[in-house]
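Undergrad: My questions are about this predicted structure, shown below with the sequence.
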Amino acid sequence: MSTPIEKAAILVEALPYIKKFQGKTIVIKYGGHAMIDCELKKAVMQDIMLMKYVGMNPILVHGGGPEITGMMKRLNMKAEFVNGLRVTDKETAEIVEMVLVGKLNKEIVSMINQLGGRAVGLSGKDGSLIRAVKKLAGGKDEHGEDVLYDIGFVGEVEQVNPELLHTVMEKGYIPVIAPIGVGADGETYNINADFVASSLAGALQADKLVLLTDVEGIFRDMKDSSSLISSLVRSRVEDYIHQGIISGGMIPKVQCCVEALDQGVNKTHIIDGRIPHAILLEIFTDQGVGTMVVNE
């Protein structure tokens, strides 16, 4: 149990960070275990509210893959994936939109509001926020040749129109965004939430992009818990990928960080959402948690 003096020391440690980030925009991608565990859900929403109360402008982008798969199972539909991308025909796209926009987005907004915050739920369709184009999945054919597969209504961000977000934030609301984009002909596209968060952070010239994950960060040696890389310079990213230090599902997350840096975001963070109040620990303490990816 912390003593009053220890609690005061924590507040004093946070003070320069509160001052530094006042008025700054922070884009947070919310996903993984933190979206499933009730206590972690509450902790994330409390973190978001505290950020807002001390003068920051948090924006929450959420995923929802497990919930989509669960809904498909209940409807006796089989979920198919190609290189980690969900095959999304027209019927699946309707389920994706229903779960992400109609269910999860509203649940998150409601939780923030119940805790005393002011949140508004949006998708990429609102105000033409996210213009999307079809994304093809790379793979190999039966001869081992590289091919591209059309997997339906899976998209990538083509353009972000941040005008609506500026309006919402100026009115004091916390935007909660479902990763759905709209095509040139009005079609719905399911987009990876990490890349939506990265694109939004770039369009808004956010000070930070924070990706909540189910891992502690990037390790030099996955078998050595003391080898966590707390700060990674972006010029080392390609070397680390070739060396296998960055591998598997961590590669696209780091690529999101690099893309955000390329678009003018100041700092990016990959943190463990399984730790209660991980966002506050990363932003408001000297040591932080997870891995920070930065420019030179």
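TA: That came through fine.
Undergrad: and the gap between Met71 and Val237?
TA: For Met71, the distance to Val237 equals 35 Å [Cβ to Cβ, to the nearest Å]. Any C-beta I mention is one placed from the backbone N, CA and C, and that applies to glycine too.
Undergrad: more neighbours, these two?
TA: More crowded of Met71 and Val237, by other Cβ atoms under 10 Å: Val237, with 20 against 17.
Undergrad: doesn't that one fall inside a helix?
TA: Yes. Membership of Val237 in a helix is supported by DSSP: H, G, I helix; E, B strand; the rest coil.
Undergrad: Hmm, it is touching Ile246, no?
TA: Yes. Counting by Cβ atoms under 8 Å, Ile246 is a contact partner of Val237 at 6.8 Å.
Undergrad: which residues are in contact with both of those two?
TA: Taking Cβ atoms under 8 Å, 6 or more residues apart in numbering as the criterion, Val237 and Ile246 both touch Val254.
Undergrad: Am I right that Leu60 sits in a strand?
TA: Yes. When three-state DSSP is applied, Leu60 is found to be in a strand.
Undergrad: nearest spatial neighbour of it, skipping sequence neighbours?
TA: Leaving aside its sequence neighbours, Leu60 sits nearest to Val176 (Cβ to Cβ, 6 or more residues apart in numbering; 4.8 Å).
Undergrad: contact partners of stretch 79-89?
TA: For stretch 79-89, contacts defined as Cβ under 8 Å, 6+ apart pick out 65, 68-69, 72-73, 92, 96, 135, 137-139, 149, 151-154, 190, 192, 249.
Undergrad: redo that, cut-off 10 Å
TA: Stretch 79-89 has contacts (Cβ atoms under 10 Å, 6 or more residues apart in numbering) with 65, 68-73, 77-78, 92-96, 135-140, 149-155, 188-190, 192, 248-249, 252.
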